[in-house]
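Trainee: build the 3D model from these lines:
(chains A and B)
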Amino acid sequence: MERILIKETKEKVGEKVKVVGWINSIRDHGKLTFIDLRDRTGLVQLVGKELPKISNESVVEVVGKVAKRPEKLVNSNLETGGIEIQIEKFEVISKAKEIPIPLDTDGYDIEEGTRLKYRYLDLRRERLTKNIRIRSKAINFIRNWLTEKDFVDIETPIFTKTTPEGARDFLVPSRLQPGKFYALPQSPQQYKQLLMVSGFEKYFQIARCFRDEDPRADRAYGEFTQLDIEMSFTDQEEILKLTEQLFTDLIKKVFPEKKITKEPWPRLTHAEAIKKYGNDKPDLRKDTKDPNELAFVWIVDFPLFVKQEKEDFYHGIGKAKYAPSHHMFTAPHPDDISMLDKDPLKVRGLQHDMVLNGHEVGGGSIRIHQAEIQEKIFKLIGFDDKQKKQFEHLLQAFEYGVPPHGGIAPGIDRFLYTVLGERSLREVMAFPMTAGGTTAVMDAPSRAGEEQLKELGIKVTESRDKKK
RNA sequence: GGGGCGUUAGCUUAGAUGGAUAAAGCGCGGCCCUGUCACGGCCGAGAUCAGGGGUUCGAGUCCCCUACGCCUCGCCA
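Mentor: Residues are numbered from 1 along each chain as shown, chains lettered A, B, ... in the order given. Model prediction:
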């Protein structure tokens, strides 16, 4: 006999069916026992007599007859509340021990360390199951939408090279080249620009990114996912339009209960945002208490450079008065190029931030494709020949026919966390890390064995070792 | 790297001023219950009070250190 899904049982009144799943709850009335059985499609009530001893969350297989419930016994809170299954055969497939954390609540008041230790159970919680499923739906929608628009989904390497910019890198020691390290990518930035040189013209990737910086509620430690997009022969207008269309369609399809405050999305210059709202990620919702309101806003015309405080370095390398406000490949506004020499701080960059309900959910820019402008930027941020050499591969690629290009990278976790109104990014990730940088369930990082370290040519000093 | 708050039963918490046999709800176990769906009733088990050190006649409570959790500043091209 073939198993049917719980949501299908309500169509089978009078029939004998087989269902499988987890025991959601048990109500034992002595002679008569009610069990709520759960599978991935929902709950259904089972009724039986003289059942074997069974614990919550055990996995069982049940054969029985689907019976219509009398009018006054219908449970309108359950999708299958109009029927119940009269147990004929009840088999325990896998008995569950006492579950260490309650699963029938939203889980917010349980200490997160405990939830993450038992994340595989925590994920049985309805709220998390929903979040993870809707994440899948959203990503699937994005993939299909972009693919239809002629974008190519391309995977870029996870083992890559450390570059002297941005956040702290995660390093992976090389065995074949002892003493050398790979870096995990902070974003596929350089690869996607190389793909433009390759002529794909339209690229996207649901890309995993890695940054070794301390976390916040809206910033996960370690790894996160972004929708990475790059286009050739484009301009800022096209990038904004495309992104806006994609996310508007996504919300209408996957989050139909949400409403967007203003369409098309308003645009503010960086200067306007600072002046009017005091920050560059304003919350433009009319009613911040309405969980279904989504207020998008574009922030454009960022200053290309920020002034360096003190005798500061640009991330420990470029010794200069200026640092890029986005990154060093952001193109200057064409109207401002003449000011690059005279007054760099007045130069606007072709950069755009996508802001939703006061959260920066994405950023991007038109990139520089002309060698002489790139050269000027390097000079202004104080790069010497040695530092420039770190980007030689990209500059060299640009010598073989580079199309004008640009893109954007909305954060998937950040977007979902904002749309779903969650209190932490971890609530939309299946297996997030703790703020202290240990992984859920597996408790990484862990010590490496002597042999492993030896192969990698790594010595752990005594003092370091004692620390933990 | 700095700061804040926290750590008492499986979970969530209560334990003013130092003086209990460390308390409750949920969960768990046993018994009773044929219409519950947050079932109900009775009984019961369950705690090295995060770990270590100190002050004191006496520490869950005060002090110090460590670990862990969450938040935050720095940081996050």
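Trainee: residue contacts, residue A:210?
Mentor: Counting by CB atoms under 8 Å, 6 or more residues apart in numbering, residue A:210 touches A:169-170, A:184-186, A:222-223. Every residue, glycine included, has its C-beta placed from N, CA and C.
Trainee: list just the nearest of the residues you listed to RNA strand B.
Mentor: Distance to RNA strand B, by CB to the nearest atom of the strand, is smallest for residue A:186 among those, at 5.8 Å.
Trainee: quick check: the closest one touching residue A:213?
Mentor: No: using CB atoms under 8 Å, residue A:186 makes no contact with residue A:213, being 9.5 Å away.
Trainee: and the two? Which one has more around it.
Mentor: residue A:186 (20 against 12; other CB atoms under 10 Å).
Trainee: any idea which helix or strand carries that one?
Mentor: Following DSSP states H and E, there is no helix or strand that holds residue A:186.
Trainee: ok, residue A:12 - contacts?
Mentor: Going by CB under 8 Å, 6+ apart, residue A:12 touches A:4, A:66.
Trainee: list residues touching both of residue A:186 and residue A:213?
Mentor: Listed contacts common to residue A:186 and residue A:213 are residue A:167; contacts here mean CB under 8 Å, 6+ apart.
Trainee: circling back: what subset of the contacts of residue A:210 is also close to RNA strand B?
Mentor: residue A:186 (CB under 7 Å from any atom of the strand).
Trainee: ok, and what's touching stretch A:395-402?
Mentor: Contacts to stretch A:395-402, defined as CB under 8 Å, 6+ apart, come from residues A:193-194, A:196-197, A:369, A:371, A:374, A:388.
Trainee: could you identify the buried members of those residues?
Mentor: Buried members of the contacts of stretch A:395-402, counted by 16 or more other CB atoms under 10 Å: A:193-194, A:196-197, A:369, A:374.
Trainee: a markdown table for the residues you listed, including pLDDT and distance to residue A:427?
Mentor: As requested, the buried ones among the contacts of stretch A:395-402 are exported to a markdown table (pLDDT from 0 to 100; distance: CB to CB, whole Å):
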| residue | pLDDT | distance to residue A:427 |
| --- | --- | --- |
| A:193 | 96 | 33 |
| A:194 | 96 | 35 |
| A:196 | 98 | 35 |
| A:197 | 97 | 39 |
| A:369 | 95 | 40 |
| A:374 | 92 | 41 |
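Trainee: what number of residues lie near the closest residue to residue A:444 other than its chain neighbours?
Mentor: Nearest residue to residue A:444, sequence neighbours excluded (CB to CB, 6 or more residues apart in numbering): residue A:438, at 6.7 Å. Using other CB under 10 Å, residue A:438 has 17 neighbouring residues.
Trainee: residue A:438 reaches residue A:446, doesn't it?
Mentor: No: contact criterion CB under 8 Å: residue A:438 and residue A:446 do not qualify, at 9.5 Å.
Trainee: confidence score at the spatially most central residue of chain A?
Mentor: The structure's chain A has its C-alpha centroid closest to residue A:413; by CA atoms, centre = their mean the separation is 2.7 Å. In this prediction, residue A:413 carries a pLDDT score of 96.
Trainee: got it, and residue A:330?
Mentor: 95.
Trainee: that one bridge partners, please.
Mentor: Taking DSSP bridges, one obtains residue A:367 as the residues bridged to residue A:330.
Trainee: ok, so of the buried ones among the contacts of stretch A:395-402, who is nearest residue A:91?
Mentor: For the buried ones among the contacts of stretch A:395-402, the closest approach to residue A:91 (CB to CB) belongs to residue A:194, at 56.9 Å.
Trainee: the closest one sits in which helix or strand?
Mentor: In the assignment (DSSP H and E), residue A:194 maps to helix A:189-197.
Trainee: show me where the stretch 201-350 of chain A has strands.
Mentor: Remark: strands assigned in the stretch 201-350 of chain A by DSSP state E, counting those that start in this stretch are A:202-211, A:222-232, A:259-260, A:267-269, A:293-294, A:296-300, A:305-307, A:313-314, A:318-319, A:322-324.
Trainee: save those as JSON lines, and put in mean pLDDT too.
Mentor: Formatted as JSON lines, the strands of the stretch 201-350 of chain A follow (pLDDT from 0 to 100):
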{"stretch": "strand A:202-211", "mean pLDDT": "97"}
{"stretch": "strand A:222-232", "mean pLDDT": "97"}
{"stretch": "strand A:259-260", "mean pLDDT": "96"}
{"stretch": "strand A:267-269", "mean pLDDT": "96"}
{"stretch": "strand A:293-294", "mean pLDDT": "96"}
{"stretch": "strand A:296-300", "mean pLDDT": "97"}
{"stretch": "strand A:305-307", "mean pLDDT": "84"}
{"stretch": "strand A:313-314", "mean pLDDT": "46"}
{"stretch": "strand A:318-319", "mean pLDDT": "56"}
{"stretch": "strand A:322-324", "mean pLDDT": "84"}
